[in-house]
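Engineer: Got a sequence here, can you model it:
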Amino acid sequence: MASSINTLLPEGNDGTSPPRAEQHDSSALPIKTTTTTTTTTTTTTTTMTTESPPIKVLVAHDNKVNQKIFSRYFKLLGHDVEIVSDGKEAFETYKKNPERYQGILMKTAMPVMNGMESTRLIREFEREKNLEPCSIVWTVACVLSTRKDLVQKYAVNDTLRWPAKMGEFVRILNGAGIPTALPEAYKP
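Structural biologist: A predicted model of the protein is given here:
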């Protein structure tokens, strides 16, 4: 094959270097010149993901370790979290800017004001101001999670038995109306 290619090359050129001007024979091979115009089209594709848009959640919990865990969980979920230490702070914080929060996680047993009383005040405030009720999830460490009568009485969306693994945490939030997607690292 190499010998047939070399026969097309001008004399004195073995194909390893470009032809010199004096070697050019215009009768050997015609050269066709082509001008190419390239048009670039940019296409924007919207990809649907299983991630939820960031939301703002108020967490009322008196235990510093659990506050850090809640903060980490919500950070992993891509949500903003504001943490307060008791029910009174939760009510006062929510009352200042109720539209800011898409959900509240509230421990039921806290100092100053417990989560049940705080929830009652929040629901009363929402009724007085004709506000859409914010999703409230009580965090509990006991059989209170089975007390459906208290959940109904205080108009709580759900209860979360704490501590909870990430999958259960996300399931409860979604069930309570707080849109949350499980991060890829936690999917089976």
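Engineer: Helices along this structure, start to end?
Structural biologist: 2-8, 64-76, 87-96, 115-128, 148-153, 166-175 (DSSP state H).
Engineer: buried residues in the third one?
Structural biologist: Of the residues in helix 87-96, those buried under the neighbour-count criterion (16 or more other C-beta atoms under 10 Å) are 87-91, 93-94. To be clear about C-beta, it is placed using only N, CA and C from the backbone, and glycine gets the same treatment.
Engineer: what about the residue nearest to residue 85 when sequence neighbours are not counted, distance to residue 160?
Structural biologist: Spatial nearest neighbour of residue 85, excluding adjacent residues (C-beta to C-beta, 6 or more residues apart in numbering): residue 62 at 5.2 Å. Shown here: residue 62 relative to residue 160, a distance of 16 Å by C-beta to C-beta, to the nearest Å.
Engineer: So those two - more neighbours on which side?
Structural biologist: residue 160 (21 against 17; other C-beta atoms under 10 Å).
Engineer: for the more buried one, which residues make a bridge with it?
Structural biologist: residue 139 (DSSP bridges).
Engineer: these two touch, right, it and residue 138?
Structural biologist: Yes. Using C-beta atoms under 8 Å, residue 160 is in contact with residue 138, at 7.1 Å.
Engineer: quick one: contacts for residue 151?
Structural biologist: Contacts for residue 151 (C-beta atoms under 8 Å, 6 or more residues apart in numbering) come out as 138, 158-159.
Engineer: ok now do residue 154, which residues does it touch?
Structural biologist: 116, 119-120, 123.
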